[in-house]
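Chemist: please find the sequence and the predicted model below.
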Amino acid sequence: MSEFVVRAEGVGKKYVIGHRGAYGYVALRDVLAAGPGNMARRLAGRRERSSGGSTREEIWAVRDVSFDLVEGDRLGLIGRNGAGKSTLLKILSRITEPSAGRVRIRGRVASLMEVGTGFHPELTGRENVFLNGTILGMRRAEIQRKFDEIVAFSEVEKFLDTPVKRYSSGMYVRLAFAVAAHLEQEILLVDEVLAVGDAAFQKKCLSKMGQVAREGRTVVFVSHNLVAIEQLCTTALWIGGGSIVELGKASDVVAHYNASFAASAAGTFSPSAVRGDGSVELTSYMVTNAVGSVVPIPVTGEDVLIQLRVHVRERIQRLAMDISIESPTGVLLTNINTTAIGQELGPWEPGDRTVTIRLGSVAFMPGAHRVGLSMYGPDGRAYVDLVNGITFEIGQSALFGTTYIDSRYGCVYTKIDVATDSSGSAAPEPVRTQSSGPQAVQ
Amino acid sequence: MSREIVIEPGGGHRRYWRDLWEFRELFVFLAWRDISVRYKQTIIGVAWSILQPVVTMIVFTIVFGRLAALPSGGVPYPLLVFSAVLPWQFFATSLTASSDSLVSNREMISKIYFPRLALPSSAIIVHLVDMLIAFGVLLALMVFYQIWPTWRFVALVPLTGLAAAFALGSGLWFAALNVRYRDFRYLVPFMIQLGIYVSPVGFSSDIVPDNLRFIYSLNPMVGVIDGFRWAILGQDAPLYVPGFVLSILLVAIIFASGLRHFRGTERSFADVI
């Protein structure tokens, strides 16, 4: 079995962090200023730790990753943010150099880290197609041959000779993706670019990807869109903390990956996160779906249950609870206390008890939400104060089909039915669309 | 299909020149992008590339020719100045552009692979076009002063090459250093600002005392400018040969070391930019 197209052997990428200035880059003056100090430290035989409190730290963004791809393989890379997916893809596409290991690639590689790399706002759509195509590694003749196809795919024929700075963002993305979609290289490395554009466009991109896949080309595809990974990829590689967690059949890996969210849905509290006078102690929590089960995780539109195990040390006659929920983007979705909604809690006798909080009637968007809660008595005495100590994950709902929904679509989903009257001349049928709630709730 | 790319630590060198050749179209397109953007509004683009050298010529002729009354060796002062402004402007704008080329194309570097050398080198081309346009002004001036080109005009081609090699060689140094240390971007404009006075743009290098002439030629632009005057003005501008040879030598050293440094650091550009 030497017929591999891509072979990664123990690939690793190391970054040294902690030596960057406040502006995200190094200035020569900083280096010169740090010079004498460094030298003195070296003479004193101390290393790695600088006097300024900042430490030089080595981080392996990717470590010891090996896999083989044969022609026609479609590999999906999954993992949480910062797990090393994009770094691995950048190594494969030669943007960045590995610190360890080796990759062997047979064939022409096209990498798509974003759509429209190198687009120049002053140039027309036509000119940008050629420029972008060349940047992506196409030959001039190739672009010429495919030009009509690209233009047809992009649906911006009318504006081909308009500078792209006058394009709407939708047109811009469509044109950019159209170029990318017509790359002819044998190996395609794609990073999350399908998540751009509106739902209709995403669908179009996905079907184009499916077509590419059927042509027997080799694809490495990074995405958070697990539905798309399952549909498009034969195998999946799950990366966590830079290393391979699992490599195997796409549907299996995706299932295990999904289950891993459930695993983090239960836990205990770190003592530092909890404040209070100690009369109530939080022991553990569990976040479940509406039927009280950890797997599968709740999706958009479903109720979320938070079960708290608490240990009550002394009898509490009456108490109120204050609950706040933050969206994945850090927007405060709600912050309400039980008194305001007329719920009386207590009395609580000393001992263990379970507190179940049901979050319903609101459809959270996919992503990790943070919950804060506090319990206090009528006199304002704080028994427990927990700031963002609980995180729950909302999964992709079948509601949206294959469209990848994330924070760009807003914080909450509200069910919308659009109906039109037959006396009007507009749309024929009641149309159902999704929409997002207010961006910020203050 | 048969060829195999091997990616490993420190392994970028083996197929460096072949890669460069394979990406030649990118070089062309990048140069074409710059030209096309610059001359998109034809009038403004052309006017700008004429206005800059002409205004410089007028100011320098007044300041150095009239007020300071420096000798020109029998050459009309405007022509003396313009034949130096031509290569100087080309050098200064090329150096600035190639020094900035990596940082200003940051997003391309972090998102796509291509030989990084394509950026600083293609950045020079648009300024070559600028110089060609300004060359038209030179011809007009020559007609006006009744000075006719000789066979020496041919030498302008290799001389322009020398200026380009100097600009690219130092541009490679600064472009690479700029990626790592962002404050280098303040150094280049300062150097260019001083350079126009240190180089013999507003005056003839004949006014430099003979015993200092060789040391003066440590600035490679002295050789380039003297060469330009020698080629354009004919007999009236004799060439100081030892200084010229020194200029060529220095440019060769700067170019070779710049390329070496660039190649040594380009593999980490995407990580630090």
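Modeler: It's in.
Chemist: pLDDT below threshold where in chain B?
Modeler: Within chain B, the segments meeting pLDDT under 70 span B:1-2, B:11-14, B:235-237.
Chemist: let me see the ranges of the helices in it.
Modeler: Assigned helices in chain B, in chain order: B:16-22, B:24-38, B:42-60, B:77-104, B:106-111, B:118-122, B:125-144, B:156-180, B:187-198, B:213-216, B:220-233, B:241-265, B:269-272 (criterion: DSSP state H).
Chemist: adding distance to chain A, write the ones you listed out as JSON lines.
Modeler: For every residue, glycine as well, the C-beta is placed using N, CA and C. Listed next are these as JSON lines, based on distance: least, CB to the nearest CB, whole Å:
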{"stretch": "helix B:16-22", "distance to chain A": "9"}
{"stretch": "helix B:24-38", "distance to chain A": "4"}
{"stretch": "helix B:42-60", "distance to chain A": "11"}
{"stretch": "helix B:77-104", "distance to chain A": "10"}
{"stretch": "helix B:106-111", "distance to chain A": "4"}
{"stretch": "helix B:118-122", "distance to chain A": "10"}
{"stretch": "helix B:125-144", "distance to chain A": "13"}
{"stretch": "helix B:156-180", "distance to chain A": "6"}
{"stretch": "helix B:187-198", "distance to chain A": "9"}
{"stretch": "helix B:213-216", "distance to chain A": "28"}
{"stretch": "helix B:220-233", "distance to chain A": "24"}
{"stretch": "helix B:241-265", "distance to chain A": "11"}
{"stretch": "helix B:269-272", "distance to chain A": "5"}
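Chemist: that's a strand at A:Ser422, yeah?
Modeler: No - using DSSP: H, G, I helix; E, B strand; the rest coil, the secondary structure at A:Ser422 is coil, not a strand.
Chemist: pLDDT weak spots in the stretch 301-442 of chain A?
Modeler: A:423-442.
Chemist: for A:Pro298, see how far away whichever residue of it sits closest to chain B is.
Modeler: Proximity of the stretch 301-442 of chain A to chain B (CB to the nearest CB) peaks at A:Arg408, 19.7 Å away. Here A:Arg408 is placed at a distance of 21 Å from A:Pro298 (CB to CB, to the nearest Å).
Chemist: more neighbours, the two?
Modeler: A:Pro298 (23 against 11; other CB atoms under 10 Å in any protein chain shown).
Chemist: hmm, the more buried one is touching A:Gly292, no?
Modeler: No - using CB atoms under 8 Å, A:Pro298 is not in contact with A:Gly292, being 11.0 Å away.
Chemist: mind listing the helices for the stretch 151-300 of chain A?
Modeler: Here the stretch 151-300 of chain A has its helices, by DSSP state H, counting those that start in this stretch, at A:169-181, A:199-214, A:226-232, A:250-263.
Chemist: doesn't A:His311 fall inside a strand?
Modeler: Yes - membership of A:His311 in a strand is supported by three-state DSSP.
Chemist: per-domain residue ranges of chain A.
Modeler: Taking automatic domain parsing as the reference, chain A has its domains at A:60-261, A:272-414+A:432-441.
Chemist: tell me which of the ones you listed sits nearest to B:Ser36.
Modeler: Among those, domain A:60-261 comes nearest to B:Ser36, with 6.4 Å by CB to CB.
Chemist: endpoints of the closest one, how far apart?
Modeler: Chord length of domain A:60-261, first to last residue, is 23 Å (CA to CA, to the nearest Å).
Chemist: one more: stretch B:108-121?
Modeler: One end of stretch B:108-121 to the other measures 15 Å (CA to CA).
Chemist: what comes up buried for that stretch?
Modeler: Of the residues in stretch B:108-121, B:108-121 count as buried by neighbour count, 16 or more other CB atoms under 10 Å in any protein chain shown.
Chemist: residues touching the closest residue to A:Met209 other than its chain neighbours, list them.
Modeler: Leaving aside its sequence neighbours, A:Met209 sits nearest to A:Leu232 (CB to CB, 6 or more residues apart in numbering or on different chains; 5.5 Å). Residues near A:Leu232 by CB atoms under 8 Å, 6 or more residues apart in numbering or on different chains: A:74, A:76, A:206, A:209-210, A:213, A:219, A:221.
Chemist: with neighbour count, pLDDT and distance to B:Phe90 added, can I get those in JSON lines?
Modeler: As requested, these are exported to JSON lines (neighbours: other CB atoms under 10 Å in any protein chain shown; pLDDT from 0 to 100; distance: CB to CB, whole Å):
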{"residue": "A:Arg74", "neighbour count": "23", "pLDDT": "90", "distance to B:Phe90": "51"}
{"residue": "A:Gly76", "neighbour count": "27", "pLDDT": "92", "distance to B:Phe90": "51"}
{"residue": "A:Leu206", "neighbour count": "20", "pLDDT": "76", "distance to B:Phe90": "50"}
{"residue": "A:Met209", "neighbour count": "23", "pLDDT": "78", "distance to B:Phe90": "47"}
{"residue": "A:Gly210", "neighbour count": "14", "pLDDT": "80", "distance to B:Phe90": "52"}
{"residue": "A:Ala213", "neighbour count": "20", "pLDDT": "76", "distance to B:Phe90": "51"}
{"residue": "A:Val219", "neighbour count": "21", "pLDDT": "89", "distance to B:Phe90": "46"}
{"residue": "A:Phe221", "neighbour count": "27", "pLDDT": "88", "distance to B:Phe90": "47"}
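Chemist: residue contacts, the closest residue to B:Leu80 other than its chain neighbours?
Modeler: Of all residues beyond its chain neighbours, the one nearest B:Leu80 is B:Ser72 (4.8 Å), with distances taken as CB to CB, 6+ apart. Residues near B:Ser72 by CB under 8 Å, 6+ apart: B:65, B:80, B:204.
Chemist: give the contact list for the last one.
Modeler: The neighbours of B:Ser204, taking CB under 8 Å, 6+ apart as the test, are B:70-73, B:75, B:80, B:229, B:237.
Chemist: repeat that for B:Phe269.
Modeler: B:102, B:109, B:116, B:176, B:179.
Chemist: ditto for B:Val208
Modeler: Contact analysis of B:Val208 by CB under 8 Å, 6+ apart lists B:200, B:216.
Chemist: nearest the middle, which residue of chain B would you pick?
Modeler: Centroid check for chain B by CA atoms, centre = their mean gives B:Phe91 as the closest residue, at 2.4 Å.
Chemist: isn't that residue up against B:Val222?
Modeler: No - using CB under 8 Å, B:Phe91 makes no contact with B:Val222, being 11.8 Å away.
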